[in-house]
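Q: Sequence first, then the predicted structure:
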Amino acid sequence: MGVYIRMIIYALAASAAALGIATYDPVAQTITFDLNSLSLLLGGAVAYVGTFVAGRVAKAKGGSS
């Protein structure tokens, strides 16, 4: 299970970098996050996980997903 969580975190980090949400300043050695864009990314991730969990709950109660 831990491997799956780590792979999801890797994908989210790559998405943040590719979309310009996270930028690295090599001179100051800091990573800066655009909070507005980050909130949109996290909102999408929460919605994705929420639909997956809802499907698992429905399936556990005898429904189909």
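A: Looks like it arrived, so ask away.
Q: Other residues contacting the least confident helix or strand in the chain by mean pLDDT?
A: One helix or strand of the chain scores below all others by mean pLDDT, DSSP states H and E: helix 2-18, with a mean of 79. If you take CB atoms under 8 Å, 6 or more residues apart in numbering as the criterion, helix 2-18 is touched by 21-22, 33, 38, 41, 45. Every C-beta, even on glycine, is put in place using the N, C-alpha and C of the backbone.
Q: repeat that for 10 Å
A: Outside helix 2-18, the residues that touch it by CB atoms under 10 Å, 6 or more residues apart in numbering are 21-24, 31, 33-34, 37-38, 41-42, 44-45, 48-49.
Q: Now do the buried residues in it.
A: For helix 2-18, the neighbour count (16 or more other CB atoms under 10 Å) marks residue 16 as buried.
Q: Run me through the strand neighbours of the helix or strand that that helix is followed by, direction for each.
A: Going down the chain from helix 2-18, the next helix or strand is strand 22-25, by DSSP states H and E. Within its sheet, strand 22-25 is paired with strand 30-33 (antiparallel), according to DSSP bridges.
Q: same question for the partner strand, mean pLDDT?
A: Per-residue pLDDT values over strand 30-33 give a mean of 88.
Q: Which other helices and strands does the next helix or strand after it contact?
A: Remark: after strand 30-33, the chain's next helix or strand is helix 35-60, criterion DSSP H and E. On a contact count with 3 or more CB pairs under 10 Å, 6 or more residues apart in numbering; DSSP states H and E, helix 35-60 meets helix 2-18, strand 22-25.
Q: out of the contacts of helix 2-18, who has the most neighbours?
A: residue 21 (21 neighbours; other CB atoms under 10 Å).
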